[in-house]
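Visitor: Take this sequence and fold it.
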Amino acid sequence: MTRSMTGFGKAERTEEGESITVELSSVNHRYLDCSLRLPNGWAALEPAIKETVKRYLSRGKVYLTVHRRGAERRGQPVVCDMTRAKEYVDASKELAQLVGAMEPLSLDTLASLQGVFVEQEAGEDLETTRERLEPVLTEALEQLGAMRATEGRALADDLRQRVHHIRATLETVEGRLPTLNAAYEERLRARIQELASDVSVTEERIAIEAAMLAEKGDVTEEAVRLKTHLDHMLELLDNDGPIGRRLDFLTQEVQRETNTLGVKTRDSEVTKDVLSMKAELEKIREQVQNIE
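Guide: Sure, this is the predicted structure:
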């Protein structure tokens, strides 16, 4: 199944008076890169969370946030995060200098800013916490995966249409090849006669010139390789698992063969067809960047 790298997932569970919410979003990325925002005291869970994410995703920039709320946390000591407070004060001073204000930041305002006063986390069993977090994380990942799969199906349908368009255009080009080959053959004969009239030209030179002209005008190999690459792209779109990188590589190969086809034929009608193929290829290249 073709999957996009863009999606969103959210899950929440409440147990023993505590609510845990996991929010996930992902965008395009060459590799899997997971950015976490966890409650205070949960940093040790980061490796386990990333391992769980890897079981569901293989590529994409993933933003994961865990919110924790619960009545049992009330009454815990509140402490001032002096580092965070100093960052706010320093930033407000710079802003005050910029606008010419006299008072950069009042105490009341500073105290109300997020992260200045925080509840001091009591020691807790992180293994128990992980066990409570795991099903919520899994549910959010499944939602994210479902959204990526839905968008992936739409991407796959679009890519199939574009590949079929290129394939049909290539068949049109192949239909002109007999006429083009006849013209190349005529030019080849004329060139050979021209060379043969020169007594200083050896038979070996004539053979070399003939071979070079024949190679320059023959696009059979390019057409065959193009069809092979296009068929492979269609096969990949029906496969399970990550296919984005392989599709990206095939797109480059199709681009290379298409360019060669246009250079070798030097025919106005074929040039129009090649430009049409290149336009579709550019759209395919953009879409492939979204596929896992």
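Visitor: Contact partners for residue 14?
Guide: Contact partners of residue 14, counting by C-beta atoms under 8 Å, 6 or more residues apart in numbering, are residue 20. Just so you know, the C-beta spots here come from the backbone N, C-alpha and C atoms, and that holds for glycine as well.
Visitor: Make sure it is indeed in a strand.
Guide: Yes. Residue 14: assigned to a strand according to DSSP: H, G, I helix; E, B strand; the rest coil.
Visitor: Distance check, it against residue 159.
Guide: Counting by C-beta to C-beta, to the nearest Å, the gap from residue 14 to residue 159 is 42 Å.
Visitor: again, but for residue 125
Guide: Spatial separation of residue 125 from residue 159 under the definition C-beta to C-beta is 49 Å.
Visitor: So, low pLDDT: which residues of this structure?
Guide: Within the chain, the ranges that satisfy pLDDT under 70 run 71-76, 101-104, 119-124, 181, 184-185, 188, 195-196, 198-218.
Visitor: So which residues of it form helices?
Guide: In the chain, the helices defined using DSSP state H lie at 46-56, 82-99, 107-112, 126-196, 203-217, 220-237, 244-265, 268-288.
Visitor: would you turn those helices into CSV with distance to residue 19 and mean neighbour count?
Guide: Putting those into CSV (distance: least, C-beta to C-beta, whole Å; neighbours: other C-beta atoms under 10 Å) gives the following:
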stretch, distance to residue 19, mean neighbour count
helix 46-56, 18, 14
helix 82-99, 24, 12
helix 107-112, 24, 11
helix 126-196, 10, 16
helix 203-217, 72, 13
helix 220-237, 41, 16
helix 244-265, 36, 18
helix 268-288, 39, 16
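Visitor: Let's have those helices in CSV, adding distance to residue 33.
Guide: Rendered in CSV, the data for these read as follows (distance: least, C-beta to C-beta, whole Å):
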stretch, distance to residue 33
helix 46-56, 10
helix 82-99, 26
helix 107-112, 34
helix 126-196, 15
helix 203-217, 47
helix 220-237, 24
helix 244-265, 15
helix 268-288, 19
